[in-house]
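# here is a sequence with its predicted model. Questions after.
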Amino acid sequence: MRVLRFAPLAVIAATLGGVLVAAQQPPRPSAPAQGAAPPAMVSLQEIAAGLPADGSRWLHFGGNYSNHRHSPLTQITPDNVNRLVPQWTFQTGTLGNFQTTSLLRDNILYVTGPQNVAWALDARTGRQIWRYRRELPNGLTACCGLVNRGFGVLGDKLFMTTLDAHLLALDMKTGNIVWDVVMEDFKKGYASTIAPLVVKDKVIVGTAGGEYGCRCFIDAYDANTGKRAWRFFTIPGAGEPGNDTWSGDSWTRGGSSIWVTAAYDPELNLAYFGTGNPGPDYHSESRLGDNLYSDSVVALDVDTGKLRWHYQFTPHDVHDWDSTQVPILADLTIGGQPRKTMMWANRNGFFYTIDRTNGKVILAKPFVRVTWAKEVDANGRPVLLPGNMPDEKGSLTCPDITGGTNFYPPSYDPTQRLFFVTAREVCATYYSWKPEFTQGDRFTGGAAQRARGSEYPAYGAIRAIDPTTGDRKWEFKLPTPGSAGILTTASGLLFGGDNEGNLLALDSRSGKLLWSYQLGSNLHGTSPTTYMLDGRQHLLVPAGTTLTAWALADAKRVPPTQ
């Protein structure tokens, strides 16, 4: 006799494209067979501690406040990595690709996906516990994909930005909305895709929209109530220091977006955000001047939002080189002196080591082919080379608009003292023309076309850089420019990917390829994470619309405790 099984309401709603309210599907514990308790409250101490030695949690976008993306786990090694096998896969059933970093707590994964869909998943099986889907309005203007880069977490709440420029707090147990605040009007071109930075009692986020002539900003909200604590505009207003770096009223539509999570130094109480390019992107005469604080790192006091210092990587950028890369913090010995530093592989093609107490450049050295600047001088200002100003005829410059790297997360191994980055060797011909500004419409004033021919080969590489010298220790070449982030582990492994859809495992000491697997889609803008579960180290890989958990085939599973 055939037993008919009907799909639950949640599955039917998802299939029909309906909005699933978490309360329609009662939340279930992660492992009911073992009687697992609901998630405990997430403390600030846990977040600040970073990745624990036992691999039991991942509570911040970069693994720790310094964004190292370096795991202390050692079960998976260079010798056995080729014995990884899939444990489960989860398909989003949603159009668009992952760009997320999943969080882990109490063996539950918290995952955001495209179009502001989010899930809680059983880390043992990939089974959905709850699903949240935002009902997004028509007319969204997010320039570069309807993506989201991950949750923030504190207490019993998850925090997520939305494509219509809201900030949400969700209940960890159910996925229900606790509070919902409007950051700005999406009809003006604003959006938000950033994974929130959670510090003290604040959730710190930013807005995108530079391609639409927005004046962008960084906000801090009370984690309990959603009340806004402060706002920092990334373009100074009239009468404020730096406003005179914009000609006329160009500052009112100058962009300078925020869409990548900051690093945080608890001792200095500073959050370090990278800012986007000025708008219009390519037309110089529309916004003469250095255009602060575009293409910069801004160091903000997290209690007040006041600017402590800034450093501008690319003054008066006309090549769309957002400085929205992931900053990494570390204490290094340079020239025999201990320094509190920030490492930054920039879209403009230079690698920087900066003093994070004051923003002074310690070193700046190209890590890809650079033709627009001879060097960065002693004052931290690039020394420009002629012939790189876009116009209607076009000018050839390296790197291209996607840059020497981009928002894909790098990694730092504090034992080897090496910085790892996915680099791009691509050049482009840049064009510009005078644009007309209409609120809500794209406002770029130009375009770019990839350079062709044997003189300008386009390829990618994973590179290891010594942050005390800027020298390259090794590289692993990729056939085409890639866009995957990087994870390293204490066992000497580096996980990344190529543009052809391969998950790669390299020896982080030498760059030797140890293992690869064809995923069917690339890791665009995201990287694997890793954690321990029932005595087995898992590797979690988001690629395309699929999330896959891997573990060693012969690693013994330890039964979960009651």
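Alright, I've got the coordinates. Numbers count the residues shown, from 1 in each chain.
# the closest residue in space to residue 408 that isn't next to it in sequence and residue 528, how far apart?
Closest residue to residue 408 apart from its sequence neighbours, by C-beta to C-beta, 6 or more residues apart in numbering: residue 485 at 4.3 Å. Every residue, glycine included, has its C-beta placed from N, CA and C. The gap separating residue 485 from residue 528 is 8 Å, by C-beta to C-beta, to the nearest Å.
# which one's more surrounded, the two?
With neighbours defined as other C-beta atoms under 10 Å, residue 485 and residue 528 compare such that residue 485 has more, 31 against 27.
# what residues are up against the more buried one?
Residue 485 makes contact with 69, 408, 409, 410, 411, 422, 496, 523, 525, 526, 527, according to C-beta atoms under 8 Å, 6 or more residues apart in numbering.
# pull the most distant pair out of the residues you listed.
411 and 525 (14.5 Å; C-beta to C-beta).
# okay, these two: which has more neighbours?
The neighbour comparison of residue 411 against residue 525 (other C-beta under 10 Å) goes to residue 411, with 29 against 22.
# once you drop chain neighbours, what's closest to residue 201?
Nearest residue to residue 201 in three dimensions, chain neighbours excluded: residue 223, at 5.3 Å (C-beta to C-beta, 6+ apart).
# tally of neighbours for the one you found?
24.
# for it, what are its contacts?
Residue 223 makes contact with 154, 155, 157, 159, 169, 198, 201, 202, 203 under the criterion C-beta under 8 Å, 6+ apart.
# filter these to the buried ones?
154, 155, 157, 159, 169, 198, 201, 202, 203 (16 or more other C-beta atoms under 10 Å).
# go through the residues you listed and say which is closest to residue 418.
Checking those against residue 418 with C-beta to C-beta, the nearest one is residue 198 at 28.2 Å.
# quick one: the closest one from residue 220, how far?
Per C-beta to C-beta, residue 198 is found 10 Å from residue 220.
# now swap in residue 487 and tell me
In terms of C-beta to C-beta, residue 487 sits 29 Å off from residue 220.
# can you check residue 467 too?
Distance of residue 467 to residue 220, given as C-beta to C-beta: 29 Å.
# spatially nearest residue to residue 59 (excluding sequence neighbours)?
residue 47 (4.9 Å).
# how many neighbours does residue 125 have?
13.
# check contacts around it.
residue 88.
# element containing it, please.
Under DSSP states H and E, no helix or strand contains residue 125.
# what about the helices in the protein?
9-15, 44-49 (DSSP state H).
# between those, which gets the lowest average pLDDT?
Out of the helices of the chain, helix 9-15 stands lowest, with a mean of 33 (criterion: mean pLDDT).
# surely residue 397 is in contact with residue 428?
Yes: here residue 397 lies in contact with residue 428, judged by C-beta atoms under 8 Å, at a distance of 6.6 Å.
# identify the residue nearest residue 465 in space, chain neighbours excluded?
That would be residue 419: by C-beta to C-beta, 6+ apart, it lies 4.6 Å from residue 465.
# residue 410 versus that neighbour, what's the distance?
The gap separating residue 419 from residue 410 is 6 Å, by C-beta to C-beta.
# more neighbours: the two, which one.
Each of residue 419 and residue 410 has its neighbours counted (other C-beta under 10 Å); residue 410 has more, 29 against 26.
# the more buried one contacts residue 351, correct?
No: the criterion here is C-beta under 8 Å, and residue 410 misses it with residue 351 at 10.0 Å.
# find residues that contact each of those two.
Listed as contacting both residue 410 and residue 351 by C-beta under 8 Å, 6+ apart are 343, 345, 419, 421.
# and the first one, how many neighbours?
By that I understand residue 343. Under the neighbour criterion other C-beta under 10 Å, residue 343 is assigned a count of 25.
# the stretch 351-500 of the chain: strands as residue ranges?
361-366, 373-376, 382-384, 395-397, 411-413, 418-425, 428-432, 446-450, 459-465, 472-478, 487-489, 493-497 (DSSP state E, counting those that start in this stretch).
# give the other helices and strands that the last one contacts.
Packed against strand 493-497, as judged by 3 or more C-beta pairs under 8 Å, 6 or more residues apart in numbering; DSSP states H and E, are the following elements: strand 487-489, strand 502-507, strand 536-543.
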